[in-house]
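Student: Got a sequence here, can you build the structure:
(one chain, ligands or ions: 1)
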Amino acid sequence: MNSSNDVSLDDCNEANWWRQAAVYQIYPRSFADANGDGLGDIKGITSRVPYLKSLSIDAVWLSPFYPSSLADGGYDVDDYRNVDPKLGTLADFDEMATALHAAGIKLVVDIVPNHSSDRHEWFKEALASPKGSAARERYIFRDGLGENGDLPPSDWDSKFGGPAWERITEPDGTPGQWYLHIFAKEQPDFNWDNPEVRDDFLKTLRFWSDRGVDGFRIDVAHALMKDLSEPLPSKTELPVEGTGVDGLVDGSHPFWDRDEVHEIYADWRKVFNEYTPPRAAVAEAWVHADRRARYASPQGLGQAFNFDLLQADFDAAQFRTIITKNLAEAAASGASSTWVFSNHDVIRHATRYGLPAGGGRHGQEWLLDGGSPAAVDAELGLRRARAASLLMFALPGSAYLYQGEELGLQEVGDIVDSERQDPAFFRNPGIEVGRDGCRVPLPWTAEGSAFGFGAGRAHLPQPEWFAGYAVDAQNNVPGSTLELYREALLYRRHLLTEEQLTWVRADDAVLHFVRPNGWQSVTNFGSGLVELPVGIVLISSGPLDGGKLPANTTAWIV
Ligand code: BGC
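Tutor: Numbering: from 1, shown residues only. A predicted model of the protein is given here:
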């Protein structure tokens, strides 16, 4: 089968830099800490630009670095047009942007439009203003049910557990209205029917674009528009949400993936296109695969994440179906495909692939069981993660990587409760352990304070075994995961070709495809040795065995 997209390499000019970019996600508070306060910062990122350059990535995507009380790791934004003073200043940001650009690396920032934090000026104003005021209209306030309004307007649950409505105290001290928060209570949802909200985000997009930001990652892009016509349905009447094939296809949910959301992105696209090159954007939209193209269209955000590989087992049939479907979808929408195995919201893939079969493929059961490293076959997990990543780098489209995966870092599953930070843990006791384990600050050196992350104690505890994964333990070490990533990404840069692949072999044991310029990738998902095609083996994710490809290994042949 031949999945093709009409875009040729000639079209991959400056305006299309994102189409097949390798994008490295930085979670700023856990990347590098220049001032030794235990929290990663902007100067820390700037100090590591040579490292980023050594990875041959095309762009970095920064998770939120805005002022925030960190009720949700920075996805609770107090001020969209500033830098958290704990992380630096706007001048530090400009210095970082300049350093990245000088190293040939584009800069993508996270935009969080569904909700602000409860410390945003607008929300404070809303609390201080009377019911029905313009200030309250920027958010979603409703009277409570029951005689005294002391029942929430509906029985909806927040994504992090617990009710999706929070009651406020009115300025006169009496119990008052309720506001909607699909996430934590510190994250009040904006009212996107309000033109002031719309205008303010256009201002934010221009603010960062004017500072040289090249693109945006749009947080929960599918949540902004809501149908809150009364009476609000009970949660038992809500359409069942889901993603991928389980998701809704008709936009009928009152707050997920409503059709009206695309009017917003059409306005954003006009702003992006005011710039040369146009600013790029990628939607985080957990929607039915058939609806993803709406977010990814050239009249909208341009690209959308697909989390299908991230949710799959290490399994040839699943990978093949996902790859084929997503390439076809991307071709139909005019976007390029996106691929991702790890990010700040999921268990690292080197750990997921080492969990016992049947133990819950996304690893939640393992976490609930205490997340012991002893329960993980870390060696197998890493071998598969390396094979999967090498396969991903050969696919048409953009590859998104998450800080630390280039070190083969494992998830820290056994953080003690008193150190946990994720609201998902606090709002859902005994049901969710949260996402802190993939957000533990990076080990840069095997020795020294906080493994070289910074002079202070890291804000999440780093386990002893981090030493073995440190950058300096892998630097220039042939066969290390760091060197594998560096080499693969460098080759990738030179090998990139039209956004097409042709399957040579795709069965339960082997996925073998070729790109239009003869670049071949072969992955062995089975247990025996696999014969490689004739050609030069450029790189492999693990050692070959007598010239053959062992289990859980990928090789590139030209
Ligand atoms: C982000 C999460 C965040 C949530 C709410 C997401 O999907 O990736 O980290 O908790 O949006 O902003």
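Student: Just give the nearest non-adjacent residue to the closest residue to the ligand within the stretch 451-558 of the chain, would you?
Tutor: At 14.7 Å from the ligand, Leu460 is the closest residue in the stretch 451-558 of the chain, using C-beta to the nearest ligand atom. (Glycine included, C-beta is placed from N, CA and C.) By the measure of C-beta to C-beta, 6 or more residues apart in numbering, the closest residue to Leu460 outside its immediate chain neighbours is Val440, 4.6 Å from it.
Student: Let me see the contact set for that neighbour.
Tutor: Shown in contact with Val440 (C-beta atoms under 8 Å, 6 or more residues apart in numbering): Ser30, Val412, Ile415, Ala458, Leu460, Pro461, Gln462, Pro463, Phe466.
Student: go again using 10 Å as the cut-off
Tutor: 27, 30, 404, 409, 411-412, 415, 419, 451, 453, 458-463, 466 (C-beta atoms under 10 Å, 6 or more residues apart in numbering).
Student: Show me which of those are buried.
Tutor: Neighbour counting with 16 or more other C-beta atoms under 10 Å marks 27, 30, 404, 409, 411-412, 415, 451, 453, 458-462, 466 as buried within those.
Student: Ile26 against Gly74, yeah?
Tutor: No: the criterion here is C-beta atoms under 10 Å, and Ile26 misses it with Gly74 at 11.7 Å.
Student: Now do the shared contacts for the two.
Tutor: Taking C-beta under 10 Å, 6+ apart as the contact rule, Ile26 and Gly74 both touch Leu62, Ser63, Phe65, His344.
Student: Return the closest of these with respect to the ligand.
Tutor: If you rank the shared contacts of Ile26 and Gly74 by distance to the ligand using C-beta to the nearest ligand atom, His344 comes first, at 5.8 Å.
Student: where along the stretch 51-200 of the chain do the strands fall?
Tutor: Taking DSSP state E, counting those that start in this stretch, the strands of the stretch 51-200 of the chain run over residues 59-62, 106-111, 141-142, 165-169, 175-180.
Student: Parallel or antiparallel, list what pairs with the fourth one.
Tutor: Within its sheet, and counting by DSSP bridges, strand 165-169 is paired with strand 175-180 (antiparallel).
Student: in the stretch 351-500 of the chain, which spans are strands?
Tutor: Ranges of strands within the stretch 351-500 of the chain are 398-402, based on DSSP E, counting those that start in this stretch.
Student: Quick check: chain neighbours aside, which residue is closest to the closest residue to the ligand within it?
Tutor: When scored by C-beta to the nearest ligand atom, the stretch 351-500 of the chain has Arg435 as its residue closest to the ligand, at 6.9 Å. Leaving aside its sequence neighbours, Arg435 sits nearest to Asp422 (C-beta to C-beta, 6+ apart; 5.0 Å).
Student: Same check on Asp58?
Tutor: The shortest distance from Asp58 to any non-neighbouring residue, by C-beta to C-beta, 6+ apart, is to Ala21 (3.9 Å).
Student: Same check on Trp61?
Tutor: Val108 (4.0 Å).
Student: still on that earlier bit, ok, which of the strands of the stretch 51-200 of the chain comes nearest the ligand?
Tutor: For these, the distance to the ligand is smallest for strand 106-111, at 8.0 Å, taking C-beta to the nearest ligand atom.
Student: what ranges of the stretch 251-400 of the chain fall below the confidence cut-off?
Tutor: Counting by pLDDT under 70, the stretch 251-400 of the chain has low-confidence residues at 358-361.
Student: How about the residues of it by the ligand?
Tutor: Glu284, His344, Asp345 (C-beta under 6 Å from any ligand atom).
Student: again, only this time at 8 Å
Tutor: Residues of the stretch 251-400 of the chain found near the ligand (C-beta under 8 Å from any ligand atom) are Glu284, Trp286, Asn343, His344, Asp345.
Student: thinking again about what came up before, closest one of the buried ones among the contacts of Val440 to Ala97?
Tutor: Ala97 has its nearest neighbour among the buried ones among the contacts of Val440 in Tyr27, at 18.0 Å by C-beta to C-beta.
Student: I'd like to know how far that closest one sits from the ligand.
Tutor: Here the criterion is C-beta to the nearest ligand atom, to the nearest Å. By it, Tyr27 lies 9 Å from the ligand.
Student: how far away is that residue from Ala99?
Tutor: According to C-beta to C-beta, to the nearest Å, Tyr27 and Ala99 sit 19 Å apart.
Student: repeat for His120
Tutor: His120 sits at a distance of 30 Å from Ala99 (criterion: C-beta to C-beta).
Student: Same check on Gly173?
Tutor: Distance of Gly173 to Ala99, computed by C-beta to C-beta: 51 Å.
Student: Compare those two (neighbour count), which wins?
Tutor: Between Gly173 and Ala99, counting by other C-beta atoms under 10 Å, Ala99 is the more crowded of the two (18 against 7).
Student: residues near the closest residue to that one other than its chain neighbours, how many?
Tutor: Computed as C-beta to C-beta, 6+ apart, the closest residue to Ala99 that is not its neighbour in sequence is Val49, at 4.5 Å. Per other C-beta under 10 Å, the neighbour tally for Val49 reads 18.
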